[in-house]
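Participant: Using only what follows, build the 3D model:
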Amino acid sequence: MYFLHTPRFFRWIFPFKTWGISSNDSVYLTFDDGPEPEVTTWVLAFLAKHEIKATFFLIGKNLEEHPAFLKRILEHGHAVGNHTMQHEHGLKTPLKRYLSSVDSTSKLLKSTLFRPPYGRISPLKTWFLLRKYRIVMWSWLSYDFDSTCDMETILKSASKIKPGSILVFHDSPKAFERLKQLLPEVVRILQEKGLKFKILPD
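Facilitator: As a prediction, this is how the structure comes out:
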């Protein structure tokens, strides 16, 4: 089963995480797992062409390998967030190592926005991180990384996206081919609904 729209009970169970932003006319486009030179370059060009702003949740080791992308992302008017140093799993990684990973990445990009890889994080890690970070989840997941979820299903669900929603795509090699097809269509659908694109408040 694919949960493209996050079930409401997730928000009730985890109320201290950010699942959406109050808005009457905007949505919040986000990209996880970058920067990756080819994919992130394509995403930045697409966003610039359509005058769209987004938030990039960056992996620390990728940023260390491609440091110029942080400046490029910020110069385009986008926001950045923390996605751990090596995409650590929040239920499988020891507490001390996980917190160290988040803090090390934070030193590279200076943001209080944090998204746990896979959307998985333990209550204890959540408690520690909420002292310094805003834990950002999502309202709608594109499944650009999963070829078993068909495009028609994804685009049909995109037509039901509401104002205030946080949307997730991935600027990663694994997602690239589907991203190039999905992102333009989702943007078109939302613009036809009169929705604007904003960065997440830090």
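
Participant: What is the longest strand anywhere in the chain packed up against?
Facilitator: Among the segments of the chain that qualify as a strand by DSSP state E, the longest is strand 26-34. Packing contacts for strand 26-34, counted by 3 or more CB pairs under 8 Å, 6 or more residues apart in numbering; DSSP states H and E, involve helix 37-49, strand 55-58, strand 166-170, strand 196-197. (C-beta placed from N, C-alpha, C; glycine too.)

Participant: Helix or strand next in line after the third one, which one?
Facilitator: Think strand 166-170. Per DSSP states H and E, the first helix or strand lying C-terminal to strand 166-170 is helix 176-192.

Participant: what lines up beside the longest strand of the chain in the sheet?
Facilitator: Taking DSSP bridges as the criterion, strand 26-34 sits next to strand 55-58 (parallel), strand 166-170 (parallel), strand 196-197 (parallel) in its sheet.

Participant: returning to what we had before: the helices and strands packed on strand 26-34: which one's closest to His66?
Facilitator: Shortest separation from His66 across the helices and strands packed on strand 26-34 is recorded for helix 37-49, at 5.9 Å, computed as CB to CB.

Participant: which residues are contacting that closest one?
Facilitator: With contact meaning CB atoms under 8 Å, 6 or more residues apart in numbering, helix 37-49 is reached by 31, 34, 52-54, 56, 66, 69, 72-73, 76, 78, 169, 171-173, 175-176, 179-180, 183-184.

Participant: Any buried residues in it, and which?
Facilitator: Applying a neighbour-count criterion of 16 or more other CB atoms under 10 Å, the buried positions in helix 37-49 are Val39, Thr40, Trp42, Val43, Leu44, Phe46, Leu47.

Participant: quick one: it to chain centroid distance?
Facilitator: Centroid separation between helix 37-49 and its chain, computed with CA atoms, centre = their mean, to the nearest Å, is 15 Å.

Participant: Who are the packing partners of the lowest-mean-pLDDT helix or strand in the chain?
Facilitator: Taking mean pLDDT, DSSP states H and E as the measure, helix 8-13 is the helix or strand of the chain with the lowest mean score, a mean of 81. Contacts defined by 3+ CB pairs under 8 Å, 6+ apart place helix 8-13 against no helix or strand at all.
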